[in-house]
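J.: coords please:
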Amino acid sequence: VYYYSRRPVDVRRRLVPLEVVFRFGMPPGSSLTRRLEEDPDYARTLGLSGQPREGEWFAHPVIELFTKLEPKDRLLSLQEALLISCLTPEQFQDMIELSYDTALALYDLLAARGIELWDGKFEFISGEEGLMLADSIGPDELRLVYKGHNLSKEMIRQVYRGSRWESSLKEAQALATEKGRPEQWRQIARTLLKVEPEPLPADFKSAIDKLYGVIANHVIGKKVFDDHPTLDEFVKTIPGTHKGT
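T.: Next comes the predicted model:
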């Protein structure tokens, strides 16, 4: 049970304890796939007219809301998200509208440069100036695909998919929850289950290290970061197993 105070906080700016996740489609590896399999009616809750398939674009973007300050992100209903946000109904609606507007602006900006934006997340601050975006916007927050190649954390997730580290995570999280310390799952994985993630291959890590600069140069249209390959050169250095399709 998590307690969120309803008392006004006497600060100029306050983090809204939510992650606002927007989705333009359901790419391979999306966590939405599992939720729809467990509850087929969830598609209707999101405002979708039918059951989407993996790799399919939606007719319109959808939004999901998750906790921000708990040990593990927890999916929320609109009602619970409103309650823990400490926003007025009008402010909450403004946050949702701002999320749609910002997501659509990003989609348009990236599409003009040939990059597909599938989903992403925003965080917000509430303050004297109103609602403000409080998060960075980049490959850590967005799922981007260029010519079939992932340009986000999904690239690294795929390296560990099927590994012993991945298979041990659920067990570690379950044990941590049983002990009443859900935030300690990493420590349990390493000390009790004796598992560690394998280091990234050196050539892959070297390529990944330049991801932010490569995308920035490509989207801006000029070389802000020197000694970085073009985006087309960059994706050629990524092994085929890391492609988005």
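J.: so where do the strands sit in the chain?
T.: For the chain, strands defined by DSSP state E occupy the ranges 13-15, 18-26, 56-67, 75-76, 116-122, 124-127, 130-133, 142-146, 149-150.
J.: got the ones you listed as CSV, with mean pLDDT and distance to residue 170 columns?
T.: Heads up, the C-betas are built off the backbone N, CA and C, glycines and all. As requested, the strands of the chain are exported to CSV (pLDDT from 0 to 100; distance: least, CB to CB, whole Å):
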stretch, mean pLDDT, distance to residue 170
strand 13-15, 88, 29
strand 18-26, 97, 21
strand 56-67, 95, 18
strand 75-76, 96, 17
strand 116-122, 96, 22
strand 124-127, 91, 31
strand 130-133, 92, 33
strand 142-146, 94, 22
strand 149-150, 90, 23
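J.: Now distance to residue 183 and mean neighbour count too, for those, in CSV please.
T.: Shown next, in CSV, are the strands of the chain (distance: least, CB to CB, whole Å; neighbours: other CB atoms under 10 Å):
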stretch, distance to residue 183, mean neighbour count
strand 13-15, 18, 14
strand 18-26, 17, 22
strand 56-67, 13, 17
strand 75-76, 18, 16
strand 116-122, 20, 23
strand 124-127, 23, 20
strand 130-133, 26, 14
strand 142-146, 25, 22
strand 149-150, 28, 22
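J.: Residue 191: which of those is closest?
T.: Proximity to residue 191 (CB to CB) singles out strand 56-67 among the strands of the chain, at 26.4 Å.
J.: rewinding a little: possible to save the strands of the chain as CSV with distance to residue 232?
T.: Shown next, in CSV, are the strands of the chain (distance: least, CB to CB, whole Å):
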stretch, distance to residue 232
strand 13-15, 39
strand 18-26, 23
strand 56-67, 24
strand 75-76, 37
strand 116-122, 15
strand 124-127, 35
strand 130-133, 30
strand 142-146, 9
strand 149-150, 10
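J.: how about those strands, which one is nearest residue 49?
T.: Closest among the strands of the chain, using CB to CB: strand 56-67, at 7.1 Å.
J.: The closest one vs strand 116-122, what angle?
T.: Inter-element angle recorded for strand 56-67 and strand 116-122: 10 degrees (by axes from the mean of the first three to the mean of the last three CA atoms, to 10 degrees).
J.: What are the contacting residues of strand 56-67?
T.: For strand 56-67, the surrounding residues in contact (CB atoms under 8 Å, 6 or more residues apart in numbering) are 2, 17-26, 32, 46-49, 52, 73-76, 78, 81, 84, 96, 99-100, 103-104, 107, 121.
J.: Mind naming the longest helix for this structure?
T.: Looking across the chain with DSSP state H, the single longest helix is helix 89-111.
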